[in-house]
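In: Fold the following and give me the result.
(2 chains)
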Amino acid sequence: MSDTAAQPREDPDGSEEPTEGSGDAADTGAETVSTGADSVVTALEAAGAETAFGVQGGAIMPVYDALYTSSITHVTMAHEQGAVHAADAYGVVTGDPGLCLATSGPGATNLVTGIADADMDSDAMLALTGQVPTEFVGNDAFQETDTIGVTRPITKHNYFASGADTVGDTVGEAFELSRSGRPGPTLVDLPKDVTQDETDRTPGTATPPPGSDPDPNADPDAVEEAARAIEAAERPLCLFGGGVIKADASDAARTFARTYDIPVTTTMPGIGSFPEDEDLCLSWAGMHGTGYANMAITHTDCLIAVGTRFDDRLTGGIDTFAPEAEVVHVDIDPAEISKNVHADYPLIGDAGHVLDQLTAAVREAPDASAWREQCAEWKETYPLTYTTPEDEPLKPQFVVEAFDEATDDDTIVTTGVGQHQMWASQFWTYTEPRTWVSSHGLGTMGYGVPAAVGARVAADTMGEPDRDVVCFDGDGSFLMTMQELSVAVREEMDVTIAVLNNEYIGMVRQWQDAFYEGRHMASDYTWMPEFDKLAEAFGALGLRVDDYDEVAPAVEEALDYDGPAVIDFHVDPEENVLPMVPSGGANGQFATAEDQL
Amino acid sequence: MSGDSAASETGARPDADARPAPDEQPAPEERPHPEGRRNLEGIRIDPVVEAEHESRRAVISALVEDEPGVLARVSGLVSRRQFNIESLTVGPTTVDGHSRITMVVEETDPGIDQIEKQMAKLKPVISVGEVAGNAVTAELVLLKVQADDPAAVHAVTEMYDGRTLDAGPRTITVQLTGDEARIDDALDAFRQFGIIEIARTGQTALARGDTPTAPGEKPGTAGEPTTHDD
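Out: The predicted model follows:
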């Protein structure tokens, strides 16, 4: 990683005068700055940014120059997409906004997928992009892109920095905005002249813009009404979404559910908000969620949904989603209330605060013993399962379970997108928040390896170097961003990458089999390279596994290896992800076998 | 160990085969299903009185910061979310740095609610809401007609309190203002002359009486600008 000398840079003017118009400068103890880029870095340091991921380039060079003496650690990535996913994952694991940098034009456009990913998953992140000098903006100059225009629909807000005197405040505000209220990515586009120009103004204390930091508490009367509905329920069910984790509300969520003995499902982004090894937990619901979660969500009469936006992968067809349930919906974003599913009891506020309010307001646990017995029965009837015949290739689910067995509860799992992602979410028992790092809303193939880099840096930054980071990737996903393995090797990062290699774009192949008469158009990946050899070429440990007996030793060797390790698991190419709710179908009518699709 | 998998301590295979096989489980159609339903807007359907929302016209007014790109942000939001927009007007207010955006939409009640909520999330939007009750609405229209019968064109223009802005040997250009019904009536009347070109501004609106047009807005009195709560 870059040097982090954190030595104050000498003021070229030798000025020690207090800065004009910067009343907060004395309060923050910030040093006098000399360029817009210095102001950017000062603002980031003052906001608490510790780590940045990025790729150098012409228009962003002044900012990188200012980082040279900064306390912020910079991790140079192989590709801007790697930088933005790493920053995203860093933010998911630490709870602080991730920070990524790219230059103008192609650098900025290479961030687009990752920004959109963070936007869909409400992940706090700040992207800084270089831009051509202001006088060239709009002239189709070399490496110019309308980054503001391109990223407007996929950011919480984006800013075009207009001058060296204000750019620090802008960056500070953007950083705070990204984590205020409902988190999301923000972007500041930095024309090169703005970051090069001199300024004697030190950025003030960063605050989110007015109106972006909502009241964390829900209306007390509305909480009381919701509490009465919960008390009266016969079949209550909690649905904890990603918002529970983002609000650090897992403890409050656990307290609420346990206090009133209410069964719990999660959404996929909500994995880890409630321990999956507890009796009350029904794991996650939705297209490839557990059968018992989908049965419960279909039959509940009171759905207490916290921090979820009711994505279609969760709900299936809206007409059949929790069709008889009164819905208590807790969300920090008023726009999520009744957007997809009507909320009978809307509670607008921070998940942790509102769950505490609800815990206090519910006076008597609902009489739901028969319901809990029913849920337990569904768990017995519809377990996640697979078969392991001796004469068939290795089953991918077996690999996931083997890793789960070999690692601790605090292990961080990252994934790409596809079948392997579903198996990693189904067959690993998650018990802690911020251990499941995946691309949910956007479904970005290639997310896994750069996310593992970001997660590794996050764990190390948090002083937890002994935590394992395991990336489950598909062969297709791995091939998209495997160049970030070079970063893991260079930085000696202890990450283990398990490629569940079935020589298919597996989920596409599964859908082609189910819905396109088995016509495998463009989903056969029989030309895959030997990933273990590629890993060795990068300088990582490379292993290949074909049989059941090789799994445990390989897992052990990879986890013990002090550096990046890649295991190329050649798994059954025909294995499918089940159960499955057909797109737009009823959750309770999940298929447990291919012929039911 | 974090899992409750049946794998043995020796690292041998988890005992996946001990779990019930899919063919031992009830098939989808064999499982119990509730009779309830939701409509496409996610609202539980009352089997007696089925809740279906009809589209209606609504005038939405937003106070916004005058920063670059604010109109692009609003119009982008509208187009991205496929809201059915009829007109969009924007102009300055009595407060420096503030503009008012007036949008006329044809949507269901949940759709109108979503437009307001999504607009409210945009950083430059100070406040937004549906203009209450029967708002005062007006639109400006320029239309160019053929000048074959100037006297008749003039008569119709007078009838609708319009103004003739340009009159030549072949064309006459007229300005009309008024609410939507009046404009539509006038256009019908002008059609007989052969309308060559038309330009409409779209409706703009203010709430009637003391009612603030955007939520939180404090209408000013003589000499005082309109302000806002924050």
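
In: Tell me the bridge partners for the closest residue to chain B within the stretch 151-300 of chain A.
Out: Residue nearest to chain B within the stretch 151-300 of chain A: A:His157 (4.4 Å; Cβ to the nearest Cβ). Where you see a C-beta, it was placed from the backbone N, CA and C, and this is true even at glycine. For A:His157, the beta-bridge partners are A:Thr186 (DSSP bridges).

In: which residues touch it?
Out: A:174, A:177, A:186, A:209, B:122-123 (Cβ atoms under 8 Å, 6 or more residues apart in numbering or on different chains).

In: again with B:Ala205
Out: With Cβ under 8 Å, 6+ apart, B:Ala205 has these contacts: B:59, B:61, B:102, B:104, B:131, B:135-138, B:213.

In: ok, 10 Å please
Out: B:Ala205 is in contact with B:59-61, B:89, B:100, B:102-104, B:131, B:135-139, B:179, B:213, counting by Cβ atoms under 10 Å, 6 or more residues apart in numbering or on different chains.

In: helix/strand/coil for the residue nearest to A:Gly588 when sequence neighbours are not counted?
Out: Nearest non-adjacent residue to A:Gly588, counting by Cβ to Cβ, 6 or more residues apart in numbering or on different chains: A:Thr298, 3.5 Å away. Using DSSP: H, G, I helix; E, B strand; the rest coil, the three-state assignment for A:Thr298 comes out as helix.

In: Would you state the secondary structure element containing B:Leu176?
Out: strand B:171-178 (DSSP states H and E).

In: which intervals of the chain have sub-threshold pLDDT?
Out: No chain specified, so I'll use chain A. Scanning chain A for pLDDT under 70 picks out the ranges A:1-33.

In: let's do chain B instead
Out: B:1-17, B:46-52, B:219-230.

In: Now do the helices in it.
Out: B:70-80, B:109-121, B:150-159, B:180-190 (DSSP state H).

In: tell me the angle of the second one relative to helix B:70-80?
Out: If I follow you right, that is helix B:109-121. 150 degrees (axes from the mean of the first three to the mean of the last three Cα atoms, to 10 degrees).

In: dump the residue contacts of B:Thr89.
Out: By Cβ under 10 Å, 6+ apart, the contact set of B:Thr89 is B:100-104, B:139-140, B:201-205.

In: Also B:Glu41?
Out: A:318, A:338-342, B:51-53, B:108-111, B:113-114.

In: If we use 7 Å, what do you get?
Out: For B:Glu41, the contacting residues are A:342, B:53, B:108, B:110, by Cβ atoms under 7 Å, 6 or more residues apart in numbering or on different chains.

In: Number of residues surrounding the third one?
Out: What it means is B:Thr108. Look at B:Thr108: counted by other Cβ atoms under 10 Å in any protein chain shown, it has 17 neighbours.

In: The first one too?
Out: Burial of A:His342, expressed as a neighbour count using other Cβ under 10 Å, amounts to 21.

In: List only buried entries from the contacts of B:Thr89.
Out: Buried members of the contacts of B:Thr89, counted by 16 or more other Cβ atoms under 10 Å in any protein chain shown: B:100-104, B:139-140, B:202-205.

In: Redo the residues you listed as a markdown table? Include distance to A:Gly181.
Out: Shown next, in a markdown table, are the buried ones among the contacts of B:Thr89 (distance: Cβ to Cβ, whole Å):
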| residue | distance to A:Gly181 |
| --- | --- |
| B:Arg100 | 25 |
| B:Ile101 | 23 |
| B:Thr102 | 27 |
| B:Met103 | 24 |
| B:Val104 | 29 |
| B:Glu139 | 37 |
| B:Leu140 | 39 |
| B:Gly202 | 32 |
| B:Gln203 | 33 |
| B:Thr204 | 31 |
| B:Ala205 | 30 |
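
In: Among these, name the ones in strands.
Out: The subset of those located in strands under the criterion DSSP state E comprises B:100-104, B:139-140, B:204-205.

In: Between those, which sits nearest A:Ala141?
Out: B:Ile101 (32.2 Å; Cβ to Cβ).

In: Against chain A, how distant is the closest one?
Out: For B:Ile101, the distance to chain A equals 16 Å [Cβ to the nearest Cβ, to the nearest Å].

In: Repeat that for B:Ala152.
Out: From B:Ala152 to chain A the distance is 49 Å (Cβ to the nearest Cβ).

In: same deal with B:Asp96?
Out: B:Asp96 is 17 Å from chain A, by Cβ to the nearest Cβ.

In: bridging residues for the residue positioned nearest the centre of chain B?
Out: What sits nearest the mean C-alpha location of chain B, by Cα atoms, centre = their mean, is B:Val105, with 3.6 Å. Legend: beta-bridge partners of B:Val105 under DSSP bridges are B:Ala58, B:Ile85.

In: who's in contact with it?
Out: By Cβ under 7 Å, 6+ apart, B:Val105 lies in contact with B:58, B:60, B:83-86, B:112, B:115.

In: Going by neighbour count, which of those residues comes out on top?
Out: Using other Cβ under 10 Å as the neighbour test, the contacts of B:Val105 are led by B:Ile115, with 25 neighbours.

In: Grab the nearest non-local neighbour of it.
Out: Among residues not flanking B:Ile115 along the chain, B:Phe83 sits closest, at 5.5 Å (Cβ to Cβ, 6+ apart).

In: Might one say that that neighbour is in contact with B:Val104?
Out: No. Look at B:Phe83 against B:Val104 with Cβ atoms under 7 Å: they stay out of range, at 11.1 Å.

In: And the strands in the stretch 301-450 of chain A, which stretches?
Out: A:302-306, A:326-331, A:345-348, A:412-415, A:436-437 (DSSP state E, counting those that start in this stretch).

In: Any chance of TSV for these, columns distance to chain B?
Out: Shown next, in TSV, are the strands of the stretch 301-450 of chain A (distance: least, Cβ to the nearest Cβ, whole Å):
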stretch	distance to chain B
strand A:302-306	11
strand A:326-331	8
strand A:345-348	11
strand A:412-415	10
strand A:436-437	12
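
In: Please convert these to JSON lines, extending it with mean neighbour count.
Out: Shown next, in JSON lines, are the strands of the stretch 301-450 of chain A (neighbours: other Cβ atoms under 10 Å in any protein chain shown):
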{"stretch": "strand A:302-306", "mean neighbour count": "28"}
{"stretch": "strand A:326-331", "mean neighbour count": "28"}
{"stretch": "strand A:345-348", "mean neighbour count": "22"}
{"stretch": "strand A:412-415", "mean neighbour count": "29"}
{"stretch": "strand A:436-437", "mean neighbour count": "27"}
